[in-house]
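[1] just the structure for this:
(chains A, B, C and D)
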Protein chains: 2
Amino acid sequence: MRAPTLDLTLLRTLVTIADTGSVTAAAKRLAYTQSTVSMQLQRLEAQLGMSLHEREGRRLRFTSEGERLLSHARRLLALNDEAWNDMQARQVTGDLTLGIPEDYASLLPSVFAYFHQLYPAVGLKVICGTSAHLVEQVKTADIDLALVTRQRNSPGGEVIRREPLIWAVGVNQQPSLSDPIPLALYSPGADVFREVAEQALLAAGREWRVAYTSQSMAGLAPIVTAGLAVVVVTRSMLTPSLRPLDESSGLPVLPMIELALHRAPHRPSEPARRLGELIREQLAAST
Amino acid sequence: MRAPTLDLTLLRTLVTIADTGSVTAAAKRLAYTQSTVSMQLQRLEAQLGMSLHEREGRRLRFTSEGERLLSHARRLLALNDEAWNDMQARQVTGDLTLGIPEDYASLLPSVFAYFHQLYPAVGLKVICGTSAHLVEQVKTADIDLALVTRQRNSPGGEVIRREPLIWAVGVNQQPSLSDPIPLALYSPGADVFREVAEQALLAAGREWRVAYTSQSMAGLAPIVTAGLAVVVVTRSMLTPSLRPLDESSGLPVLPMIELALHRAPHRPSEPARRLGELIREQLAAST
DNA sequence: CACCATTATTGATATAACCAATCAAAAAAG
DNA sequence: CTTTTTTGATTGGTTATATCAATAATGGTG
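    Below you'll find the predicted structure:
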């Protein structure tokens, strides 16, 4: 009662014929001869003992059996590709260091988990630091990748994602929003946030004072949640203790910032390439 | 970025090696030479560019990659078999008549739907009749299959299922259960129900009277739901207007009855064979 | 150490997958 | 209507390779 095995190669040409609509085009795409593709189709029909296609004029049409087999074929090939990619991924080995600003850490754990599932043989290390510092480390190849807020003065890297900057205050606080506005500043993007905020306030004709500064959001959290200052964050950095402010607050709208992925110069290692791909996919996908 | 195609034949031998635990045994099962299987395994490893197995002593062990590929292989082969069977099933063609007692009709619509999905090219006709009559028709090859209550005097067929017989009354009724018990009788199994009921009552020393008779449950329904009589049914024949009685009613416990599938003599047609298989599977599965 | 079972290797063979070339048919162009 | 072009089917020949039979190697067993 064991079913014979289908030939995935033949199924591949079948779906290619369907996708391109002609034997000749399929042959070109698959780098076969036209006669080969023609015979492959015949072979498939012979093996199954039924005709899968018929021609009306020069146009090719699939029989209902052909259509049916097509859907089976697509599923089988999808599974084949998945299996193949998984097997190859397990061969990808090596070590790899990614640098991110501390405050982006919350953005990535699911990506790390997924990466480890796909590439269990890769040792992934993550270091935190300021964007400016990380960019330096990538340039000197101390680390392989760095995901940072794009710097005005170091415009390299590939833009992965754009995020709106927003004002935020302590969740139950109503801090004074009259001039001078008390700012709590920190440096996930090595003062990009600060520049952006100050320029926006300047353009709006507002005044401000830098009430507190810190190297990371963690240091500012008590000040902000206490309602003593306003802070600038991205939406993904919001915590339950932070309340975002919209335009009704009277504060100027802040521009987008750009997340950029920097890669070490001189062709990245295979693991680095893969992680870069994954970060791009995943961060582009999530809102 | 298109992944190469795996060879399902090689994957089949891989899982056979895993299932049997040895190359030689796999070769035997697959009707290959031992050397062929050995080389197939090597070929698979060469194509994937990794080693899938290692031997410790004489025992064969799969590497983690091997285990991984095994799970992929099983899924792929399952899909392959499903596809193959589906394609072949669509070629099964012909006409087919199944006979069932009217009161079993409720048991089978899902089976019919499934059958039509699997074998869309088969014209299925269903006729109803008494079990005795249907058995006759099968014998004379007037119909292909008959699913009937097994007759004491025509013990042929394959027993598909056993079901308890139970007493039932109108859902809101409390009919008199003192002797003589008023019976409503009908003949889904050509009086098998009647025989069984009367024997059980006799053995219990009870008395009864046949209050109503009919050819089908439908004819008795008004009488029974009005609370004028007790009826004997199987659990699958219960309708919302019927209330089953358990032992506390004082009525004797009834024996099981057997559903038997009779096939026309002299090798059944392919569609008949398939429907028979399906009925056996489905009715055995459902409680 | 000899013996048995299992696996790997080798050499020969035959199948069949592929290509190049040709033929057939139909649409498109003239 | 004829010619040209495009597309698919067919044929013959070549090559590659999957298989088998036979043999060698390996490791466990009496």
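
[2] list the contacts for the residue nearest to residue A:131 when sequence neighbours are not counted?
    Distance criterion CB to CB, 6 or more residues apart in numbering or on different chains; nearest residue to residue A:131, sequence neighbours excluded, is residue A:148 at 3.6 Å. For glycine as for every other residue, the C-beta is placed from the backbone atoms N, C-alpha and C. Residues in contact with residue A:148, defined by CB atoms under 8 Å, 6 or more residues apart in numbering or on different chains, are A:99-101, A:131, A:134-135, A:157, A:189, A:259-260, A:262.

[3] please apply the same query to residue A:112.
    A:124, A:126.

[4] check residue A:244 too.
    Residue A:244 neighbours (CB under 8 Å, 6+ apart): A:166-168, A:235, A:238.

[5] try residue A:91
    Contacts of residue A:91 by CB under 8 Å, 6+ apart are A:121, B:49-50, B:65.

[6] let's verify it: helix, strand, or coil?
    Each residue gets one of three states, and residue A:91 gets coil by DSSP: H, G, I helix; E, B strand; the rest coil.

[7] got phi/psi on the residue nearest to residue A:131?
    Main-chain dihedrals, residue A:148, degrees, to the nearest 10: phi -140, psi 160.

[8] who does it bridge with?
    residue A:260 (DSSP bridges).

[9] can you give me the pLDDT of it?
    Residue A:148 is assigned a pLDDT of 88 by the prediction.

[10] up against chain B, what does the stretch 1-150 of chain A have?
    A:2-9, A:12, A:48-50, A:64-65, A:68-69, A:72-73, A:75-77, A:79-88, A:90-91 (CB under 8 Å from any CB of the partner chain).

[11] can we see that at 6 Å?
    By CB under 6 Å from any CB of the partner chain, the part of the stretch 1-150 of chain A that sits against chain B consists of A:3, A:5-6, A:8-9, A:12, A:48, A:50, A:69, A:72, A:76, A:79-81, A:83-85, A:87, A:90-91.

[12] of those residues, list those near DNA strand C.
    residue A:9 (CB under 7 Å from any atom of the strand).

[13] for PyMOL, write a command that selects the buried ones of the residues of the stretch 1-150 of chain A next to chain B.
    Selecting the buried subset of those in PyMOL, with 16 or more other CB atoms under 10 Å in any protein chain shown as the burial test, is done by:
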select buried, chain A and resi 3+5+6+8+9+12+48+50+69+72+76+79+80+81+83+84+87+90
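
[14] partner strands of the longest strand along chain A and their direction?
    Taking DSSP state E as the criterion, chain A has its longest strand at strand A:158-170. In the sheet, strand A:158-170 lines up against strand A:230-234 (antiparallel), strand A:242-244 (antiparallel), strand A:256-263 (antiparallel) (DSSP bridges).

[15] residues making contact with the next helix-or-strand element following it?
    Under the assignment DSSP states H and E, the closest C-terminal helix or strand after strand A:158-170 is strand A:181-186. Here strand A:181-186 makes contact (CB atoms under 6 Å, 6 or more residues apart in numbering or on different chains) with A:194, A:208, A:210-214, A:216-217, A:220, A:223-224, A:229, A:231.

[16] what's the closest residue to DNA strand C within the stretch 151-287 of chain A sitting at in phi/psi?
    Using CB to the nearest atom of the strand, the single residue of the stretch 151-287 of chain A nearest to DNA strand C is residue A:270, 29.5 Å away. Backbone torsions of residue A:270, given as degrees, to the nearest 10, read phi -60, psi -50.

[17] ok, the residue of the stretch 101-250 of chain A found nearest DNA strand D - contacts?
    In the stretch 101-250 of chain A, the residue found nearest to DNA strand D is residue A:121; the distance is 27.4 Å by CB to the nearest atom of the strand. Contacts here follow CB under 6 Å, 6+ apart; on that basis residue A:121 touches residue A:93.

[18] try it again with 7 Å
    A:90, A:92-93 (CB atoms under 7 Å, 6 or more residues apart in numbering or on different chains).

[19] what does residue A:96 give?
    Residue A:96 touches A:122-125, A:144, A:269, A:271-272, A:275, counting by CB under 7 Å, 6+ apart.

[20] mind checking which of those residues are in strands?
    A:122-125.

[21] dump these into JSON lines; add distance to residue A:57 and neighbour count as well.
    JSON lines is the format used below for the ones in strands among the contacts of residue A:96 (distance: CB to CB, whole Å; neighbours: other CB atoms under 10 Å in any protein chain shown):
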{"residue": "A:122", "distance to residue A:57": "55", "neighbour count": "21"}
{"residue": "A:123", "distance to residue A:57": "60", "neighbour count": "12"}
{"residue": "A:124", "distance to residue A:57": "58", "neighbour count": "16"}
{"residue": "A:125", "distance to residue A:57": "63", "neighbour count": "11"}
